[in-house]
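**Q** 3D, please:
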Amino acid sequence: MRSILLIVLLWAAGSAAVCQFHLRQPKPTVFKQVGTRSLFLRKQLDTLQLRDNETATVHCPTGLTIAMSEYNAATKLVGTAAELVCKSGGIYLGDKQLMQVSSGYVKCNAEYSQSIYESRKSLAGCPQQAMNLAIGYKLQGDDDIKTVGICFDLRTNQVRFVSYLAYAPSNAASYGYWNNEVNALQLDTYIGQLSDYFKFVSTSQFDSFVKKQPHLGDLFNSIFFEYASLLQEERPVFKEDVKSYSAMFNVVWSSRLRSGNWQHFLNALSAATDFVKYDIRVGVSGVAKLPLAHNCNMSRSLVIRTPEMESLPVPEHIWARLRPLQPTTGDISEFVIVAHNSPYANLEDLNSVCTDICDEIPWLRDSVFGQLHLVPSYGVMHCCLADDIDRRKLIDFPLESPHTEKKFDDFLSSAQNSTANSL
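**A** Numbers count the residues shown, from 1 in each chain. Down below sits the predicted model:
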């Protein structure tokens, strides 16, 4: 909201706006030059105003259409980007006059979504056998937009962890200027849909077979579980950006955790980001255990099977690592939220990850999460310093170390081997 107000004030200063563009569906991506900075205007923007001699660059991978109104002949522009200039004689594309009037609309020629790419730059702690991916889109003449970074494990064909800017500004933001992890990635090699190489289970498919798990015995109860994305943000723009890849982010959640303290944590984080932006990683760790009914001193791995006998492990823990991009004096610079995702965890399990520091983080301490994060009926969650985490308990928690680059050929070979093994 503050970013929008700043832009409106800048537009209002000096001469009045003389050109107005209505952004129609499918909306293009818009960059507006404000001083020496190029601001990325989110797709929620409905109207773009320009003063005399001001410019805006519009991008769309499916091409662009511009017209005075729905009743006038439309012009389809060549290419995927256009720099529109407001002048006293109308609207120009460079030196070419497009319209003699100062009002019109611009839209994409067809719907589009962000694409998935391999990045040769690695996410710290993403292991050698994993792929570094980024969801975003390339922009002609401007910085690429990157929404989510992904560490994708080629052994299990599952997401190891994801990285993104938590509750990023939804209307106007200079994304390229945030010092967050995703911006360090590159859109090097276009991959497209991972479902071309790997099979991902949808939520509806999971619901159809989760009750039929005879190998797990009498203590298993499907009512404890649901299948949903690691990315639980509800921002419409964010959900739209990743919707084409939603199935790959799905994991098996404890129902009470996801709707309980994990949601309380997200509510507190959303409120905190009004003042401080957080770079966040969300990932899974380990496989939960299920006691054997005939011998409660023994257990088996809690793995749900599809009708094709493929495995969906229930993560033992779901975690989020947070780093404030504008740390203030006295604040904890980085910490980890660890959630116990097993409905069968015992008291010893629930108290063995780290020394809890939730009370030392004001925006968590003073929230509903702060009051309920240790209540089992809402899902037990801890706040930890990364160095204090018992790595024997939080299996596969990523170490902060760089890894070598991997090529797309390696990825394709692994995918083909995986496909062959599943046949």
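
**Q** would you mark the buried spots in stretch 90-103?
**A** For stretch 90-103, burial by neighbour count (16 or more other Cβ atoms under 10 Å) applies to Gly90, Ile91, Tyr92, Leu93, Leu98, Met99, Ser102, Ser103. From N, CA and C alone the C-beta is placed, and that goes for glycine too.

**Q** would JSON lines of those residues with pLDDT be doable?
**A** Below are the buried residues of stretch 90-103 laid out as JSON lines (pLDDT from 0 to 100):
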{"residue": "Gly90", "pLDDT": "86"}
{"residue": "Ile91", "pLDDT": "87"}
{"residue": "Tyr92", "pLDDT": "88"}
{"residue": "Leu93", "pLDDT": "87"}
{"residue": "Leu98", "pLDDT": "82"}
{"residue": "Met99", "pLDDT": "82"}
{"residue": "Ser102", "pLDDT": "74"}
{"residue": "Ser103", "pLDDT": "82"}
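
**Q** identify the farthest-apart pair in the residues you listed.
**A** Leu93 and Ser103 (16.0 Å; Cβ to Cβ).

**Q** where along this structure do the helices fall?
**A** Under the criterion DSSP state H, the chain carries helices at the ranges 2-12, 203-209, 236-242, 255-259, 261-272, 347-350, 362-365, 368-372, 408-422.

**Q** so where's the stretch 201-350 of the chain uncertain?
**A** The model of the stretch 201-350 of the chain has pLDDT under 70 over residues 236-237, 293-298, 328-330.

**Q** for it, what spans make up the strands?
**A** 225-229, 250-254, 278-285, 289-292, 295-301, 303-305, 311-313, 317-324, 335-340 (DSSP state E, counting those that start in this stretch).

**Q** what's the angle from the first one to strand 250-254?
**A** Per axes from the mean of the first three to the mean of the last three Cα atoms, to 10 degrees, the angle that strand 225-229 makes with strand 250-254 is 140 degrees.

**Q** follow-up on the earlier one: could I get the strands of the stretch 201-350 of the chain as TSV with mean neighbour count?
**A** As requested, these are exported to TSV (neighbours: other Cβ atoms under 10 Å):
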stretch	mean neighbour count
strand 225-229	20
strand 250-254	23
strand 278-285	22
strand 289-292	17
strand 295-301	11
strand 303-305	18
strand 311-313	16
strand 317-324	22
strand 335-340	24
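
**Q** give the contact list for Val58.
**A** Pro28, Thr29, Val30, Phe31, Leu64, Ala81, Ala82, Leu84, Val106 (Cβ atoms under 8 Å, 6 or more residues apart in numbering).

**Q** same question for Val284.
**A** Val284 touches Gln158, Val159, Arg160, Phe161, Leu230, Val251, Pro315, His317, Ile318, Trp319, Asn341, Asp396, counting by Cβ under 8 Å, 6+ apart.

**Q** closest one to Asp388 out of the residues you listed, please.
**A** Closest to Asp388 out of the contacts of Val284 is Trp319 (13.3 Å), distances taken as Cβ to Cβ.

**Q** run through the bridge partners of that closest one.
**A** Gly283, Val338 (DSSP bridges).

**Q** where's it relative to Cys126, distance?
**A** 15 Å (Cβ to Cβ, to the nearest Å).
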